[in-house]
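Student: Pasting a predicted model and its sequence here:
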Amino acid sequence: MIVYDKKKVGKRIRKQRDALEISREQMAEYIKRVPRFCGDIERGKVGMSIETMLSICHLLKISPNELLLDNEASSMSDESELIMAALQNCTEKQRKDALALLKLFLNAVK
């Protein structure tokens, strides 16, 4: 049975928001809510409408599944998640350059 855990969802929102360096105030403005409500969501004190959830997912560049489902067993490490979040903010050229640098680094380490 799948359970909606507001606290875990809130933690995932905050973690992704922090990784993308989006302030709570910026998130509140984007989803057309007050910052206190966003804080309550992140603390798991309140739930959210589907419209709010979809807006948050769009802003944070995550799917509703990633937000709602507890994939801890298959989740990436904190470092991997931070790398992925940083790459989402890059241009296509920057991502290609980062990949090229990573390949050079990994070949140098061998």
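Tutor: Great, that's in hand.

Student: list the buried ones in the helix or strand bottoming out on mean pLDDT in the chain?
Tutor: None of the helices or strands of the chain scores lower by mean pLDDT, DSSP states H and E than helix 78-88, at a mean of 78. By 16 or more other CB atoms under 10 Å, the buried positions in helix 78-88 come out as Ala85. For the C-beta atoms, the positions are set from N, CA and C on the backbone; glycine is no exception.

Student: can you tell me the average pLDDT over the helix or strand containing Leu104?
Tutor: Using DSSP states H and E, Leu104 sits in helix 92-109. Across helix 92-109, the average pLDDT comes to 88.

Student: Can you check what angle separates that helix from helix 78-88?
Tutor: Orientation of helix 92-109 against helix 78-88 (axes from the mean of the first three to the mean of the last three CA atoms, to 10 degrees) gives an angle of 140 degrees.

Student: what residues does stretch 27-42 touch?
Tutor: 6, 9-11, 13-14, 17, 24-25, 46-48, 52, 55-56, 59 (CB atoms under 8 Å, 6 or more residues apart in numbering).

Student: out of the residues you listed, who's nearest Met84?
Tutor: Using CB to CB, Arg17 is the member of the contacts of stretch 27-42 that sits closest to Met84, with 14.4 Å.

Student: The host helix or strand of the closest one vs helix 78-88, what angle?
Tutor: Here Arg17, judged by DSSP H and E, is contained in helix 6-19. With the same axes, to 10 degrees defining the directions, helix 6-19 sits at 60 degrees from helix 78-88.

Student: Convert the C-alpha atoms of the helix or strand following helix 6-19 to PDB, please.
Tutor: Downstream of helix 6-19, the first helix or strand assigned by DSSP H and E is helix 24-31. C-alpha atoms of helix 24-31 as PDB (Å, rounded to 0.1, in the frame of the first residue of the first chain):
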ATOM      1  CA  ARG A  24      11.200  30.000  -0.200                       C
ATOM      2  CA  GLU A  25      10.000  33.400  -1.200                       C
ATOM      3  CA  GLN A  26      10.800  32.700  -4.800                       C
ATOM      4  CA  MET A  27       8.900  29.400  -4.600                       C
ATOM      5  CA  ALA A  28       5.900  31.100  -3.000                       C
ATOM      6  CA  GLU A  29       5.800  33.700  -5.700                       C
ATOM      7  CA  TYR A  30       6.000  31.100  -8.400                       C
ATOM      8  CA  ILE A  31       3.200  29.000  -7.000                       C
END
